[in-house]
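K.L.:
3D, please:
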Amino acid sequence: MKIIEVKERTPLLIEQVLKVWESSVKATHLFLSEDEIKNIKKYVPQALKEIPCLIIAENENQIPVGFMGIVEQHLEMLFISHEERGKGFGKELLQYGIEKYSVNDLAVNEQNPLAKGFYEHMGFVVYKRTEYDEQGNPYPLLYMRLDR
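P.N.:
Just a heads-up that it's a prediction; the model follows:
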């Protein structure tokens, strides 16, 4: 695995990362309907272009299998392709973010218990809960910070 800090966000790269996002969301965000995923997917390319720090994990074939986005010290997004989950890509990406960018907080959907468990395993603890996500949808968010 190779970790790359993306400087140039080419259309091909955005397309590849969008595939990772969709694969991950379909596997982990079981509370979302197919229509909701399609609707959210429309906004992902713009978010990928605008996130200040986009970091990608590539497999041995130089194909993105995971990515994270960081704003200041906040982990804004972390997604691993469904086929590549459980292989350590998420752990390596998050450790990289903690070491290089001092990532110390994040928000996770309460209805995604595997992600919550992963972040807890990585040293994060819940400090706040909201009934709605940042778009005002009825998906509770758990805000977590690094407990070190």
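K.L.:
in stretch 61-81, what's buried?
P.N.:
Residues 64-70, 74-81 are the ones in stretch 61-81 that count as buried (16 or more other CB atoms under 10 Å). Glycine gets a C-beta too; all of them are placed from N, C-alpha and C.
K.L.:
Of the residues you listed, which belong to helices?
P.N.:
Judged by DSSP state H, these include no members of helices.
K.L.:
ok, of those, which one's closest to residue 127?
P.N.:
Nearest to residue 127 among the buried residues of stretch 61-81, counting by CB to CB, is residue 74 at 13.3 Å.
K.L.:
now, which of the buried residues of stretch 61-81 lie within strands?
P.N.:
64-70, 74-80 (DSSP state E).
K.L.:
what two of those residues are the furthest from one another?
P.N.:
Across these (CB to CB), the longest gap, 23.0 Å, separates 65 and 74.
K.L.:
what's the closest of the buried residues of stretch 61-81 to residue 24?
P.N.:
The closest of the buried residues of stretch 61-81, once distances to residue 24 are taken by CB to CB, is residue 79, at 4.0 Å.
K.L.:
residues in contact with the closest one?
P.N.:
20, 21, 24, 25, 66, 67, 68 (CB atoms under 8 Å, 6 or more residues apart in numbering).
K.L.:
again, only using 7 Å
P.N.:
20, 21, 24, 66, 67 (CB atoms under 7 Å, 6 or more residues apart in numbering).
K.L.:
My reading is that the first one is in a strand; is that accurate?
P.N.:
No - Residue 20: not assigned to a strand; according to DSSP: H, G, I helix; E, B strand; the rest coil it is helix.
K.L.:
average pLDDT for stretch 109-121?
P.N.:
Mean pLDDT, stretch 109-121: 94.
K.L.:
Confidence-wise, which helix or strand of this protein is lowest on average?
P.N.:
helix 34-41 (a mean of 92; mean pLDDT, DSSP states H and E).
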